[in-house]
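Enquirer: I need the structure of the sequence given here:
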Amino acid sequence: MSDYRERNRQLSKAEKDRRFEAELMPVIDALYNFAFRLTLDEDDANDLVQETYLKAYRFFDYFEQGTNAKAWLFRILKNSFINDFRRKSKQPAKVDYSEIEGYYNSEDVESDADAGGSTTDMRVQVTQELIGDEVARALNTLPIDFRTVIILCDLEGFTYEEMAKILDIPIGTVRSRLHRARQSLKDKLGHYARSMGYGDDAESTENEVTDEESAA
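Expert: Numbering: from 1, shown residues only. As a prediction, the model looks like this:
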């Protein structure tokens, strides 16, 4: 048994409750947002968060103090959603990412990531700049696998490594899934995204304005 598990098992109930409250409860708002984006239903989201915290309390011995409590809770919630909710819902089927796995296993993809594991191409990070009703509606229409990676990375700020642990998938799959998800979201936003400065039309207009200013 790990040392931290042994220490946790020796905690009094009062001390366990105090640590649980201090370390895990501050994440509740982010946890609810994640649950709602997965279930698209307020009652189901509340139930999912409640179940997550019940499981977290039950298995609190397995949580190592000082590690990422948010990532630990998100993983519990994700597993609960898969096990208890997804099979009861009519979510879109999982997409096949095999056609782009080759690209993300190539050397080219490494140049697209910084040391922290996030891409630097701002054109695909639409959710960071366009948070609002249009984005929320478009995000909710994505397949659950796409929706999840965008939430975890672009809205919650998890690294690729943290996402891989939460989702139980390789980092290469995280990258490929996120790339496809962002592109799908961008396509769904369509004219709205271009009007806000994203997409080829907006870039062409910007170039034309720049050329006119130079000529003047």
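Enquirer: got phi/psi on F36?
Expert: Dihedral pair for F36: phi -70, psi -40, per degrees, to the nearest 10.
Enquirer: measure the closest residue to it other than its chain neighbours to D154 for me?
Expert: The spatial neighbour of F36 that comes closest, neighbours along the chain excluded (CB to CB, 6 or more residues apart in numbering), is A45 at 4.0 Å. Using the backbone N, CA and C atoms, a C-beta is placed for each residue, glycine as well. From A45 across to D154, the span is 19 Å (CB to CB, to the nearest Å).
Enquirer: for R58, same thing?
Expert: 31 Å.
Enquirer: more neighbours, those two?
Expert: More crowded of R58 and D154, by other CB atoms under 10 Å: D154, with 22 against 9.
Enquirer: wait, isn't M163 in contact with C153?
Expert: Yes - using CB atoms under 8 Å, M163 makes contact with C153 at a distance of 6.2 Å.
Enquirer: and for those two, which residues touch both?
Expert: When CB atoms under 8 Å, 6 or more residues apart in numbering defines a contact, the residues bordering M163 and C153 alike are L178.
Enquirer: in this structure, where is pLDDT below threshold?
Expert: The chain contains residues with pLDDT under 70 at 1-6, 8, 85-132, 191-216.
Enquirer: domains for this structure, by residue range?
Expert: Annotated domains of the chain cover 3-88, 98-215 [automatic domain parsing].
Enquirer: point out the other helices and strands that the helix or strand hosting L48 packs with.
Expert: For L48, the host element (DSSP states H and E) is helix 42-58. With contacts defined as 3 or more CB pairs under 8 Å, 6 or more residues apart in numbering; DSSP states H and E, the packing partners of helix 42-58 are helix 13-24, helix 28-39, helix 69-80.
Enquirer: buried stuff in that helix?
Expert: The neighbour-count check on helix 42-58 (16 or more other CB atoms under 10 Å) flags 44-45, 47-49, 51-53, 56 as buried.
Enquirer: and what of stretch 62-69?
Expert: The neighbour-count check on stretch 62-69 (16+ other CB under 10 Å) flags 63, 68-69 as buried.
Enquirer: how far away is A30 from A14?
Expert: The gap separating A30 from A14 is 27 Å, by CB to CB.
Enquirer: more crowded one of these two?
Expert: Neighbours of A30 and A14, each counted by other CB under 10 Å, are more numerous for A30; the result is 16 against 8.
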